[in-house]
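**Student:** I need the structure of the sequence given here:
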Amino acid sequence: MKKIGLALVVLLVAAASIFYGVLPQRIDRKMNVVIPHDPYEISEAAQTLHDSIPVADLHSDMLLWRRNPAKENSRGHTDVPRLLAGGVALQVFTAVTKSPSGLNYEENDAATDDITMLTVVQAWPRRTWDSIYERAAYQAQRLDKLERDAPDAFVYVKSASDLNKALDRGVLAGVYGIEGAHPLEGELENIDRLYDLGLRIMGLQHFFDNELGGSLHGQSGAGLTDFGKAAVDRAIAKGMIIDVAHSSEQVVWDVLARTERPVIVSHTGMKGHCDTARNISDDLMKAIADAGGLVGIGFWDAAVCDASPAGIADALLYAVEHLGVDHVALGSDFDGTVTTPIDGSEMVALSQALLDKGADEATIRAVMGENAVRFFRANLPPR
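**Tutor:** Model (predicted):
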């Protein structure tokens, strides 16, 4: 009987090891893919230019995955060492807290949630298993921990002053956002709680309609609800930046009509360049730019239709032509269950591709980082 009991314990330990040790890595490798490629050829001119730019990216979902972000990893797209190797000075880290099965660009309901499974498999704290708010809070706390673990490499930025200090020190500046405001769980007070944890960018929707309004990939196409209007007002009053990536077009129009503060679209493409259900109309993107907003161009096929450095460069230059050079940035969607041609260490491939397309130095500097740095200096709380 003792031998049977011991064998059962061994089996349980082995099963737990696979469930909590092997399975998360397999999921991560499968979901966050870098297209296999030979090393990109980088000219001396491109490398010199790239090294002089504070490269910035508006969207990474790194916090969703069980990796040590302070150390270089062999899976996924980003961690602090790889981002620094790629010349990245500013990275927005966005919390994914609920995601429907399928992630259809055309239509989803809110009935399913794959993030619940990830919280269990990745051994997140028990409080996150059934609370969307706690998932957002936990990911903010991961950034706090990252700053403690890598103080010489990373600053958790909550103000323009923090950003300036990080840039002066040459370390990675990390800004925290949420992808969809469902972590509010219907309570405006959760905006204040998340702000106190460092939240500075509030996305309104993700892949499904929520309490704030319609998603671009939802079922209603609706604009802001009364709760959504109140949430936008409260977030803006706190000094937060509104992100309308994944929002229905009507929500975007409602937000633009509601505030004079500029908004961002953190990760997207231009519909006139890549006509997919993922991208909103060029006219609406122009309205965002005309209101002082910033548009992050993505690195995956549904955003740019050609997931290669050259294809991303084409999308960036199309956006520059239609929105103006001051309103275009990078919005990779690294680690967002997408397949990209580069990881965070290879951002110079985009500078090279832009040079190859004939872009001038000022344009390359603007879209590769200077626009985003200027935007956050102007729109983060001063201190």
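**Student:** where along the protein do the strands fall?
**Tutor:** 33-34, 55-60, 88-95, 154-157, 172-178, 199-203, 241-243, 264-268, 294-297, 328-330, 339-340 (DSSP state E).
**Student:** so can I have CSV of those strands showing mean pLDDT and mean neighbour count?
**Tutor:** C-beta coordinates here come from the backbone N, C-alpha and C atoms, glycine included. Listed next are these as CSV, based on pLDDT from 0 to 100; neighbours: other Cβ atoms under 10 Å:
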stretch, mean pLDDT, mean neighbour count
strand 33-34, 98, 16
strand 55-60, 99, 29
strand 88-95, 99, 26
strand 154-157, 98, 23
strand 172-178, 99, 25
strand 199-203, 99, 26
strand 241-243, 99, 26
strand 264-268, 98, 30
strand 294-297, 99, 28
strand 328-330, 99, 29
strand 339-340, 98, 19
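**Student:** Let's have those strands in JSON lines, adding distance to residue 280.
**Tutor:** Converted to JSON lines, these look like this (distance: least, Cβ to Cβ, whole Å):
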{"stretch": "strand 33-34", "distance to residue 280": "26"}
{"stretch": "strand 55-60", "distance to residue 280": "16"}
{"stretch": "strand 88-95", "distance to residue 280": "18"}
{"stretch": "strand 154-157", "distance to residue 280": "28"}
{"stretch": "strand 172-178", "distance to residue 280": "19"}
{"stretch": "strand 199-203", "distance to residue 280": "14"}
{"stretch": "strand 241-243", "distance to residue 280": "13"}
{"stretch": "strand 264-268", "distance to residue 280": "7"}
{"stretch": "strand 294-297", "distance to residue 280": "10"}
{"stretch": "strand 328-330", "distance to residue 280": "15"}
{"stretch": "strand 339-340", "distance to residue 280": "21"}
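**Student:** Indicate which one of those strands is closest to residue 368.
**Tutor:** Among the strands of the chain, strand 55-60 comes nearest to residue 368, with 5.4 Å by Cβ to Cβ.
**Student:** how far is that closest one from where the chain is centred?
**Tutor:** Centroid separation for strand 55-60 versus its chain: 7 Å, with Cα atoms, centre = their mean, to the nearest Å.
**Student:** which other residues reach it?
**Tutor:** In this structure, residues lying in contact with strand 55-60 by Cβ atoms under 8 Å, 6 or more residues apart in numbering are 77-78, 86-94, 177, 245, 264, 266-267, 294, 296, 298, 329-336, 344, 347, 368-373, 376.
**Student:** Give me the angle between it and strand 264-268.
**Tutor:** Calculated by axes from the mean of the first three to the mean of the last three Cα atoms, to 10 degrees, strand 55-60 forms an angle of 80 degrees with strand 264-268.
**Student:** So, low pLDDT: which residues of this structure?
**Tutor:** 1-20 (pLDDT under 70).
**Student:** Spatially central residue in it, please.
**Tutor:** By Cα atoms, centre = their mean, the chain has its centre lying nearest to residue 59, at 2.3 Å.
**Student:** And it, how far from residue 356?
**Tutor:** Distance, residue 59 to residue 356, by Cβ to Cβ, to the nearest Å: 25 Å.
**Student:** do the same with residue 125
**Tutor:** 47 Å.
**Student:** And residue 39, by the same measure?
**Tutor:** For residue 39, the distance to residue 356 - Cβ to Cβ - is 16 Å.
**Student:** Over to residue 166?
**Tutor:** From residue 166 to residue 356 the distance is 31 Å (Cβ to Cβ).
**Student:** Of those two, which one has the most company?
**Tutor:** Taking other Cβ atoms under 10 Å, residue 166 and residue 356 do not tie; residue 166 has more neighbours (20 against 13).
**Student:** shouldn't the more buried one be in contact with residue 89?
**Tutor:** Yes: the pair residue 166 / residue 89 is scored as a contact, 7.5 Å apart, by Cβ atoms under 8 Å.
**Student:** Neighbours of residue 21, how many?
**Tutor:** 11.
**Student:** can you start the count at 2 instead of 1 from here on
**Tutor:** Taking 2 as the first residue, the last one we looked at is residue 22.
**Student:** Quick check: it vs residue 129, distance?
**Tutor:** Distance, residue 22 to residue 129, using Cβ to Cβ: 19 Å.
**Student:** repeat for residue 313
**Tutor:** Relative to residue 129, and taking Cβ to Cβ, residue 313 is found at 34 Å.
**Student:** ok, now residue 216?
**Tutor:** Distance of residue 216 to residue 129, given as Cβ to Cβ: 22 Å.
**Student:** higher neighbour count, the two?
**Tutor:** Counted by other Cβ under 10 Å, residue 216 and residue 129 do not tie: residue 216 has more neighbours, with 26 against 22.
**Student:** out of everything not next to it in sequence, what's closest to the more buried one?
**Tutor:** Sequence neighbours aside, residue 206 is the residue nearest to residue 216 in space, at 4.0 Å (criterion: Cβ to Cβ, 6 or more residues apart in numbering).
**Student:** Burial check on the nearest residue to residue 67 once chain neighbours are set aside, number of neighbours?
**Tutor:** The spatial neighbour of residue 67 that comes closest, neighbours along the chain excluded (Cβ to Cβ, 6+ apart), is residue 123 at 4.2 Å. Residues lying near residue 123 (other Cβ under 10 Å) number 18.
**Student:** So residue 123 sits against residue 68, correct?
**Tutor:** No: the criterion here is Cβ under 8 Å, and residue 123 misses it with residue 68 at 9.9 Å.
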